[in-house]
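Student: Okay, predicted coordinates and the sequence, questions at the end:
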Amino acid sequence: MGDAVSIQTPLPFTEGRLKVIITGAAGRVGRGFAEFAASRFELTLLDRPGVDLSGLDAYGRTDHCDLADLPRLTRLCRGADCVLHLAADSNTAAAWESVLASNIVGTYHVFTAGKRARCPRVVFASSVHAVSGYAPGRQITPDAPVNPGNLYGVSKCFGEALGRYMAEREGLTVLAVRIGAFQKPEAAREPDSDWMIGTFVADQDLYHVLERAIRIQGIRFGIFHAVSDNWFKRLDITATRELLGYEPAHDFMRLSPHFKELFTDLPHGHSPSPSGAGDTAE
Ligand SMILES: NC(=O)C1=CN([C@@H]2O[C@H](COP(=O)(O)OP(=O)(O)OC[C@H]3O[C@@H](n4cnc5c(N)ncnc54)[C@H](O)[C@@H]3O)[C@@H](O)[C@H]2O)C=CC1
Ligand SMILES: O=C(O)[C@H]1OC(=O)[C@H](O)[C@@H](O)[C@@H]1O
């Protein structure tokens, strides 16, 4: 994560019920995080007009807002401590027009709304696809040059770059969390997917990273990787562990019925490295 590696740890975390705006709150990550975060933060849960927000009102205030509507976004951000920006066209094969509207223009509007409303922090949901162009089996550290595997990934690189600019030049603090393949642990059933082995992130593991990204002090900008404690980690999580205090609880191989039997006699953390894959960069 570039500059942050020289920071002395541990960094402090802001306690208490911070006011957090969540965009894309009705999506897969948003709904689960809202439930996890309701007792921890004062939430405003946003999604685009027409999206069903029912059920979310148990976790905070709900409202509709399209990312295209900068004035409305700005009003909604007033008084908030942080925007957790989850809204996006999350389809890795999304059409460019949609990527442009939601992920590029929409993300620009979220950062700009945060700045205009004096909301000091944006936590940006980036993706492993910002670096999915690297060869399979290679582990990627947060300081590797971006290498998106699709146009959706390109839009996540844009969000990271904009976040850095907004942090360095416009006074926000920005944490970009590169999310792997988000799933509930009980859904980790794909028989032999190389992609899932390396990128799986269990829902609760991700929620802990997001909470810590919202609370950490002393970082102006950082890119943090969020995958579970997988046998092979496509994204290196050293900085997430050391700076955010991330302690992942899950490992795709241990959850998958296909692989579980291989691990019965091995204590956690002492698995042999699979050939061609491991925790160090090639
Ligand atoms: N689910 C995953 O495995 C991963 C997700 N991510 C990122 O994390 C974030 C959350 O992902 P999911 O919850 O899975 O996505 P999702 O597709 O389930 O939810 C995204 C939400 O954003 C909303 N949205 C889209 N465009 C909008 C617009 N123009 N204005 C207002 N709202 C809009 C949608 O209505 C939807 O409810 C996304 O930014 C995604 O790119 C990154 C890596 C992996
Ligand atoms: O590639 C993956 O596994 C995931 O990565 C993402 O960034 C996408 O938003 C999500 O739809 C995919 O499932």
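Tutor: On my side now, so go ahead. Ligands and ions are numbered 1, 2, ... in the order given.
Student: So what's the predicted local confidence for P274?
Tutor: Per-residue confidence (pLDDT) for P274: 43.
Student: do N230 as well
Tutor: pLDDT at N230 comes out at 95.
Student: what does E42 give?
Tutor: Reported pLDDT for E42: 98.
Student: what do you get for K260?
Tutor: For K260, the model assigns a pLDDT of 68.
Student: Number the residues from 750 up from this point.
Tutor: Fine by me, first position is 750 from now on; the one you just mentioned is K1009.
Student: Surely R927 and H974 touch.
Tutor: Yes. Shown here, R927 and H974 form a contact pair, counting by Cβ atoms under 8 Å, at 5.1 Å. To be clear about C-beta, it is placed using only N, CA and C from the backbone, and glycine gets the same treatment.
Student: measure G828 to A988 for me?
Tutor: 31 Å (Cβ to Cβ, to the nearest Å).
Student: Where do the strands of the stretch 800-949 of the chain begin and end?
Tutor: Counting by DSSP state E, counting those that start in this stretch, the stretch 800-949 of the chain has strands at residues 810-813, 831-834, 870-876, 922-928, 930-932, 949-951.
Student: In TSV, list the ones you listed along with distance to ligand 2, mean neighbour count and mean pLDDT.
Tutor: What follows is the strands of the stretch 800-949 of the chain, written out as TSV (distance: least, Cβ to the nearest ligand atom, whole Å; neighbours: other Cβ atoms under 10 Å; pLDDT from 0 to 100):
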stretch	distance to ligand 2	mean neighbour count	mean pLDDT
strand 810-813	22	16	98
strand 831-834	13	28	98
strand 870-876	3	27	99
strand 922-928	6	26	98
strand 930-932	3	21	96
strand 949-951	8	28	97
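Student: Out of those strands, flag the one nearest G967.
Tutor: strand 922-928 (9.3 Å; Cβ to Cβ).
Student: elements contacting the closest one?
Tutor: Applying 3 or more Cβ pairs under 8 Å, 6 or more residues apart in numbering; DSSP states H and E, one finds that strand 922-928 contacts strand 870-876, helix 900-919, helix 952-964, strand 970-975.
Student: if we can go back for a sec, export the strands of the stretch 800-949 of the chain as JSON lines, with columns for distance to Y857.
Tutor: Listed next are the strands of the stretch 800-949 of the chain as JSON lines, based on distance: least, Cβ to Cβ, whole Å:
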{"stretch": "strand 810-813", "distance to Y857": "20"}
{"stretch": "strand 831-834", "distance to Y857": "11"}
{"stretch": "strand 870-876", "distance to Y857": "11"}
{"stretch": "strand 922-928", "distance to Y857": "13"}
{"stretch": "strand 930-932", "distance to Y857": "24"}
{"stretch": "strand 949-951", "distance to Y857": "26"}
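Student: Go through those strands and name the closest to L984.
Tutor: For the strands of the stretch 800-949 of the chain, the distance to L984 is smallest for strand 922-928, at 6.0 Å, taking Cβ to Cβ.
Student: Each with direction, which strands does the closest one pair with?
Tutor: strand 870-876 (parallel), strand 970-975 (parallel) (DSSP bridges).
Student: Let me have those in CSV, extended by distance to ligand 1.
Tutor: Formatted as CSV, the strands paired with strand 922-928 follow (distance: least, Cβ to the nearest ligand atom, whole Å):
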stretch, distance to ligand 1
strand 870-876, 4
strand 970-975, 8
